[in-house]
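**Q** Predicted model, plus sequence, below.
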Amino acid sequence: LDSDVYYQRLDVLPTGSFKPLGFFTLVDSLDPAHRENGLITASMGNQGQALAYAADRAGVPATIVVPETLDNPGKVGSMERLGATVLKHGEDIDESRERARATADAEHLRYVNGGNEPDLIAGRASAGLDVLDSVPSADLVFAAVGGGSLAAAYCLGLGRITDASVVGVQAAGVDAVPRD
């Protein structure tokens, strides 16, 4: 291939992923009641760490619901060290989400959906702007797809400003997004 290839090290950000970029924007946009009562989400790790990190920096209470089957003491311990309350519930992330939503309603917390939150995606768009700043001639950007918020953020922060194409990729055999 006759191409220049660059990569963006999002793993060097706090908590080891791109996710805190969006949580700072989301926390900053909270209304006073949610700032006082707190945030809640369901997570297998990275999202929970990012929410805990941003909430801790802003003095906002955070609750993370993880599946009872989650076998990752490092991620859970990190969430707790960052000040979050970690609740174990359910056999899988879907059951954890149901519990997080019910707890949000009962305790007047702000439920955070990791893949469908405009403030999260807008905050993560800064990753695309960083690409533009570092490589203004970038014409093709690949983004890992889990929930899709990073690819959406690249489209928002880079794809709308330039003619660059954004392509979502996922590992074979562990599809996060159904294939056509």
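**A** Looks like it came in fine. Numbering: from 1, shown residues only.

**Q** Under the pLDDT cut-off, which ranges of this structure? List them.
**A** 1, 174-180 (pLDDT under 70).

**Q** Tell me where it has strands.
**A** 39-42, 62-66, 85-88, 110-111, 140-144, 165-169 (DSSP state E).

**Q** tell me the most buried of those?
**A** Across the strands of the chain, averaging neighbours per residue (mean count of other Cβ atoms under 10 Å) puts strand 39-42 on top, at a mean of 28. In short, each C-beta sits where N, CA and C put it, glycine included.

**Q** I'd like to know which elements that one is packed against.
**A** Applying 3 or more Cβ pairs under 8 Å, 6 or more residues apart in numbering; DSSP states H and E, we find strand 39-42 packed against helix 46-58, strand 62-66, helix 93-107, strand 110-111.

**Q** Take the strands of the chain and write them to TSV, including distance to Leu51.
**A** Output for the strands of the chain, formatted as TSV (distance: least, Cβ to Cβ, whole Å):
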stretch	distance to Leu51
strand 39-42	5
strand 62-66	5
strand 85-88	11
strand 110-111	10
strand 140-144	19
strand 165-169	23
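
**Q** can you tell which of the ones you listed is closest to Ala52?
**A** Proximity to Ala52 (Cβ to Cβ) singles out strand 62-66 among the strands of the chain, at 5.0 Å.

**Q** isn't Arg35 right up against Val60?
**A** Yes. Assessed by Cβ atoms under 8 Å, Arg35 is found in contact with Val60 at 5.6 Å.

**Q** shared neighbours of the two, which are they?
**A** Contact criterion Cβ atoms under 8 Å, 6 or more residues apart in numbering; residues shared by Arg35 and Val60: Val27.

**Q** re the thing from before, between the strands of the chain, which gets nearest to Arg124?
**A** The nearest among these, by Cβ to Cβ, is strand 140-144 at 10.2 Å.

**Q** okay, the angle between the closest one and strand 165-169?
**A** 30 degrees (axes from the mean of the first three to the mean of the last three Cα atoms, to 10 degrees).

**Q** what comes into contact with strand 140-144?
**A** Here strand 140-144 has contacts from 128, 131, 150-151, 154, 158-159, 164-170, using Cβ under 8 Å, 6+ apart.

**Q** For the residues you listed, give me a markdown table that also has distance to Ala138.
**A** A markdown table is the format used below for these (distance: Cβ to Cβ, whole Å):
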| residue | distance to Ala138 |
| --- | --- |
| Gly128 | 9 |
| Val131 | 6 |
| Leu150 | 15 |
| Ala151 | 15 |
| Tyr154 | 10 |
| Leu158 | 7 |
| Gly159 | 11 |
| Ala164 | 5 |
| Ser165 | 10 |
| Val166 | 10 |
| Val167 | 12 |
| Gly168 | 16 |
| Val169 | 16 |
| Gln170 | 21 |
